[in-house]
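# build me a model from this:
(2 chains)
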Amino acid sequence: MTDADLPYQDGPDGDEMLAAELSLGLLSGEEQTQAERRARTDLAFADRVEAWDKRFASLTEGIAPVTPPAGLFQQIEARAYGSGPRRLWRQLGLLHAVFGALAAALVLLVALDFGVLEDQPGPTATMTAQLAAEDRSLVVAAAYVDEGGRLFVERQIGERPPGRDLELWIIVGEAAPISLGVLPQDRRIAEFTVPADLRATLGDAVLAITDEPIGGAPDGTATGSVLAAGPVSRI
Amino acid sequence: MTTRSDIEKMILRVAMQDRAAFEALYAATSAKLFGIILRVLKDRAAAQDVLQDVYLRLWQGGASSFRAGRASPITWLATVARNRAIDRLRRDRPATPLDQAPEVADSAKGPEALAIDASDRARIDGCLDELKPDRAAAVRGAYLDGDTYADLAARHDVPLNTMRTWLRRSLMSLKDCLTR
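Now for the predicted structure:
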């Protein structure tokens, strides 16, 4: 057995030292993965890491600035302004609804600071839903636009189970769920059309995601377990 | 003249997907961040990739994780840039010899807003000077050259846990000195 196989014997300042080691980048392998995970979930530990980040950041102060090549920002812009999910939600006027409390607080802060929120042209969502698994292993946001009965859906957290598809359903009252289709495998965002006869009752509906064979439930009836669900609400 | 508060506002507006603020933030901070990334990677092409990635992530939601009032915006950006550069270094290693000639830096000093508090820097330098020279070099090497415990143990030819004990003692002394 080599020394590297032995677990390290922590002293009384173990957490503080681990935070310093993570900030400095001394850890590797599984130990690094574990510490990074902890920094995302344990606020006290995250604060320790942040304090060390600040201390070490002053080591960058002596580094002279170097102007990046001309044209680099244009490349960044080209990649940034493609039609990603954030852009879509923003066009739908939905920053609050789908980005959660942190972003909402930020929006408020900026609105207070600058006194304005820009108007966005384009379609406006009238209803939204957040479909979440109880343990939040799958979170899907949805926004509905009256015009054309379009439902935009983004898989925000969670992956498709291997060899399976995720299927989206509308459930109104006690009626049988009606499939809207399967979520795309290669993209996180998709657009569905809500059938015309369901649009009037959509505000009282529940959206749900089930785990189905590739291509979706074969006979139009859900076969797999419900992975995430959430009520539709008007905005 | 760009102030610290201007940069803070730019970051908040970037989180709101304000393109003008994104361009302004890039104009104000990219040379500082490119300098840091180049210092870590010592490879211009890789550094350009990482710089693009840093700003792209800021645009794509990273800016909303900035907590105004807690860290200075430039300290936060410098940390993000350094961390992305170290990730890249680890991924590519061992690609670049460490003794490769460094990039020629701009002679112009950055604007005042981009300065990490000079007294902070003086303090960490002073505190590192209180450590044994090889320990101070290990701390600097970990921060800017991406050395891990495994690298340092191999270089000093000591068991990994021995290296860890040495360096933890140094980190504790460093903290004591910085909070003195």
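
# kindly report the domain assignment for chain B.
B:1-97, B:117-180 (automatic domain parsing).

# low-confidence ranges, chain A, go.
A:1-7, A:9, A:11, A:82-123 (pLDDT under 70).

# how does it divide up, domain by domain?
Segmentation of chain A into domains, based on automatic domain parsing, reads A:10-60, A:72-114, A:127-234.

# make CSV out of those and add mean neighbour count and distance to chain B.
Every residue, glycine included, has its C-beta placed from N, CA and C. Converted to CSV, these look like this (neighbours: other Cβ atoms under 10 Å in any protein chain shown; distance: least, Cβ to the nearest Cβ, whole Å):
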stretch, mean neighbour count, distance to chain B
domain A:10-60, 18, 4
domain A:72-114, 16, 4
domain A:127-234, 16, 11
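
# take those domains and lay them out in JSON lines including distance to B:Ala122.
Formatted as JSON lines, the domains of chain A follow (distance: least, Cβ to Cβ, whole Å):
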{"stretch": "domain A:10-60", "distance to B:Ala122": "9"}
{"stretch": "domain A:72-114", "distance to B:Ala122": "33"}
{"stretch": "domain A:127-234", "distance to B:Ala122": "44"}
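
# okay if I get the domains of chain B as JSON lines plus mean neighbour count?
Putting the domains of chain B into JSON lines (neighbours: other Cβ atoms under 10 Å in any protein chain shown) gives the following:
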{"stretch": "domain B:1-97", "mean neighbour count": "19"}
{"stretch": "domain B:117-180", "mean neighbour count": "17"}
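
# what's the closest of these to A:Gly220?
Of all the domains of chain B, it is domain B:1-97 that lies closest to A:Gly220, at 37.0 Å by Cβ to Cβ.

# roughly how far out does that closest one sit from the chain middle?
Distance of domain B:1-97 from its chain centroid, counting by Cα atoms, centre = their mean, to the nearest Å, is 10 Å.

# tell me the mean pLDDT for it?
Average pLDDT, domain B:1-97: 88.

# what about that domain, near chain A?
Yes: using Cβ under 8 Å from any Cβ of the partner chain, domain B:1-97 comes into contact with chain A via B:9, B:12-13, B:15-19, B:22-23, B:26, B:30-32, B:34-36, B:38-39, B:48, B:51-52, B:55-56, B:59-61, B:64, B:68, B:70-71, B:75, B:78-79, B:82-83, B:86.

# ok, and the closest non-adjacent residue to residue 46?
Here I'm looking at chain A. A:Ala39 (5.0 Å; Cβ to Cβ, 6 or more residues apart in numbering or on different chains).

# was after chain B, sorry
B:Arg88 is the one closest to B:Ala46 (Cβ to Cβ, 6+ apart), at 6.1 Å.

# go on, B:Cys177?
Counting by Cβ to Cβ, 6+ apart, the residue nearest B:Cys177 is B:Cys127, at 3.7 Å.

# give the rounded mean pLDDT of the helix or strand that neighbour falls within.
According to DSSP states H and E, B:Cys127 maps onto helix B:118-129. Across helix B:118-129, pLDDT averages out at 79.

# wait, the residue nearest to B:Cys177 sits on B:Leu178?
Yes: between B:Cys127 and B:Leu178 there is a contact under Cβ atoms under 8 Å: 5.4 Å.

# how far away is the spatially most central residue of chain A from B:Arg169?
In chain A, the residue lying closest to the centroid (Cα atoms, centre = their mean) is A:Gln156, at 3.4 Å. Applying Cβ to Cβ, to the nearest Å, the value for A:Gln156 to B:Arg169 is 44 Å.

# can you check A:Thr33 too?
On the measure of Cβ to Cβ, A:Thr33 and B:Arg169 end up 25 Å apart.

# do A:Ala80 as well
45 Å.

# same check on B:Tyr26?
42 Å.

# pick out the residue closest to the middle of chain B.
Short answer for chain B (Cα atoms, centre = their mean): B:Arg82, at 3.3 Å.

# now do stretch B:163-180, average pLDDT.
92.

# only C-alpha atoms, please: export it in CSV.
C-alpha atoms of stretch B:163-180 as CSV (Å, rounded to 0.1, in the frame of the first residue of the first chain):
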residue,chain,number,x,y,z
MET,B,163,3.3,17.2,1.1
ARG,B,164,-0.2,17.8,2.2
THR,B,165,0.7,18.2,5.9
TRP,B,166,3.5,20.6,4.9
LEU,B,167,1.3,22.7,2.8
ARG,B,168,-1.7,22.7,5.2
ARG,B,169,0.6,24.1,7.8
SER,B,170,1.6,26.8,5.4
LEU,B,171,-2.0,27.6,4.4
MET,B,172,-2.9,27.9,8.1
SER,B,173,0.0,30.3,8.7
LEU,B,174,-1.0,32.2,5.6
LYS,B,175,-4.5,32.6,6.9
ASP,B,176,-3.3,33.7,10.4
CYS,B,177,-1.1,36.3,8.7
LEU,B,178,-3.8,37.6,6.4
THR,B,179,-6.3,37.9,9.2
ARG,B,180,-3.9,39.4,11.7
